[in-house]
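Trainee: Below are the sequence and a predicted model for it; my questions follow.
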Amino acid sequence: MDDLRDKYLAAIAGAVDEAGLEEVRLTALGKKGEISLKMRELGKMSPEERQVAGPALNGLRDEIDTALKARKAALADAALDERLKGEWLDVTLPGRRRPAGTIHPVSQVTEEVTQIFADMGFAVAEGPQIESDWYNFDALNMAPEHPARQEHDTFFMARAEGDNRPPHVLRTHTSPVQIRHMAEHGTPTRVIAPGRVYRMDMDQTHTPMFHQIEGLAIDRDISMAQLKWVLEEFCRAYFEVDHVELRFRASHFPFTEPSAEVDLRCSWEGGQLKVGEGDSWMEILGSGMVHPHVLSSAGVDPTEWQGFAFGMGIDRIAMLKYGIPDLRAFFESDLRWLRHYGFSALDMPTVSGGLSR
Ligand code: PHE
């Protein structure tokens, strides 16, 4: 008994970590441990022998158990001390400054455009970026076989195996917000809808994600003349010039009839864009009178209501106004680029106070 005690107490004292200690515990007190086996032998002893050996063995087991627990606590303390020594932190050191960012040109321009249209009585509407194909296409007068669907280079979301419903898409334009907004709020209405859109395309002037701003005005007697005035007012305010000239070029969109692409008179002298003068025309948006089918899709009676819609690329007009040559840099999160082209957080664009300063 004394030999056993000496052996195990020495082993416990000698264990250098918790794994080693656990090994000692198993050899002594585990199911097949030495002490456990000895206790099982008690059954074979005569009652007299058992009366002596029983309490002695119990005492030894308790003693070893206590020693194990004490050693375990000591090892844990030592491990914690070791960690604390390794992980100390000098809280009196000066903090490291987070790099200062700027307001991204897309955010700034979105805010500028929103301010201009707010001034003309347009509210802001929003819709989801993951859209059903019904909102992105069907409701906009593009049935499943419509060839215009192919031109959109659509990203499709995966459906679960065996689910044969048409897949959701990453919206290819902000036009589905027209449907959602009219279906929810009815008519008359005047809204813009800025946001992200997605198409599979990538070069100096295309990125797979970009930004559009949709415009929608529906009432009983809205006409193309009003579309033209609104866009002219917008361009004068946005490009901060007194005079602009727009050219409406007949075009085709499934969701407008008639449709027009709108060009802005400008000149490029020495790479410098001048709006309102010169011999060049620059396309800035697509527009038209909302197609009766689109109104019907949104639950609006086309015999009673009509209006215009337009869609404009935010990134593109940001590049034009602020002379930014490559669209891809917009989304590279390069701090040097942001410091050059970004805006101060305190620059709140307002129509009366100046948009860009
Ligand atoms: N949705 C069209 C596009 O992405 C733009 C547009 C919007 C044209 C509204 C007409 C009316 O190209």
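Mentor: On my side now, so go ahead. Keep in mind that this is a model prediction, so the values were computed, not measured. Numbering: from 1, shown residues only.

Trainee: buried set for stretch 46-60?
Mentor: Buried residues in stretch 46-60, defined by neighbour count with 16 or more other Cβ atoms under 10 Å: Ala53, Leu57, Leu60. Where you see a C-beta, it was placed from the backbone N, CA and C, and this is true even at glycine.

Trainee: ok, now stretch 226-245?
Mentor: By 16+ other Cβ under 10 Å, the buried positions in stretch 226-245 come out as Leu227, Lys228, Val230, Leu231, Glu232, Phe234, Cys235, Arg236, Ala237, Tyr238, Phe239, Val244.

Trainee: That one and the ligand in contact?
Mentor: No. On the criterion Cβ under 6 Å from any ligand atom, stretch 226-245 is out of touch with the ligand, staying 9.8 Å away.

Trainee: That stretch - what's its average pLDDT?
Mentor: Taken as a whole, stretch 226-245 has a mean pLDDT of 95.

Trainee: Could you report the separation of the most far-flung residue of the chain relative to its centre from Leu355?
Mentor: Here the centre of the chain is the reference, and by Cα atoms, centre = their mean the most remote residue is Glu48, at 79.9 Å. For Glu48, the distance to Leu355 equals 105 Å [Cβ to Cβ, to the nearest Å].

Trainee: And for Glu277?
Mentor: Distance of Glu277 to Leu355, computed by Cβ to Cβ: 20 Å.

Trainee: Those two - which one has more neighbours?
Mentor: Looking at Glu277 and Leu355 with other Cβ atoms under 10 Å, you find the greater number of neighbours at Leu355, namely 22 against 14.

Trainee: check contacts around that one.
Mentor: By Cβ atoms under 8 Å, 6 or more residues apart in numbering, Leu355 lies in contact with Glu112, Gln115, Ile116, Ala237, Tyr238, Glu240, Pro349.

Trainee: how does it look with 10 Å?
Mentor: Going by Cβ atoms under 10 Å, 6 or more residues apart in numbering, Leu355 touches 108-109, 111-113, 115-116, 237-240, 321, 347-349.

Trainee: from the buried residues of stretch 226-245, which is closest to the ligand?
Mentor: Closest approach between those and the ligand, by Cβ to the nearest ligand atom: Leu227, at 9.8 Å.

Trainee: Please save the CA atoms from the helix or strand harbouring the closest one in PDB.
Mentor: Per DSSP states H and E, Leu227 falls inside helix 224-239. The C-alpha trace of helix 224-239 is given here as PDB (Å, rounded to 0.1, in the frame of the first residue of the first chain):
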ATOM      1  CA  MET A 224     -43.100  63.400 -73.400                       C
ATOM      2  CA  ALA A 225     -42.800  67.200 -73.300                       C
ATOM      3  CA  GLN A 226     -42.700  66.900 -69.500                       C
ATOM      4  CA  LEU A 227     -40.100  64.200 -69.700                       C
ATOM      5  CA  LYS A 228     -38.000  66.500 -71.900                       C
ATOM      6  CA  TRP A 229     -38.300  69.400 -69.500                       C
ATOM      7  CA  VAL A 230     -37.500  67.200 -66.400                       C
ATOM      8  CA  LEU A 231     -34.400  65.800 -68.100                       C
ATOM      9  CA  GLU A 232     -33.200  69.200 -69.200                       C
ATOM     10  CA  GLU A 233     -33.700  70.700 -65.700                       C
ATOM     11  CA  PHE A 234     -31.900  67.700 -64.300                       C
ATOM     12  CA  CYS A 235     -28.900  68.100 -66.700                       C
ATOM     13  CA  ARG A 236     -28.500  71.800 -66.000                       C
ATOM     14  CA  ALA A 237     -28.500  71.200 -62.300                       C
ATOM     15  CA  TYR A 238     -26.400  68.100 -62.400                       C
ATOM     16  CA  PHE A 239     -23.700  69.500 -64.700                       C
END
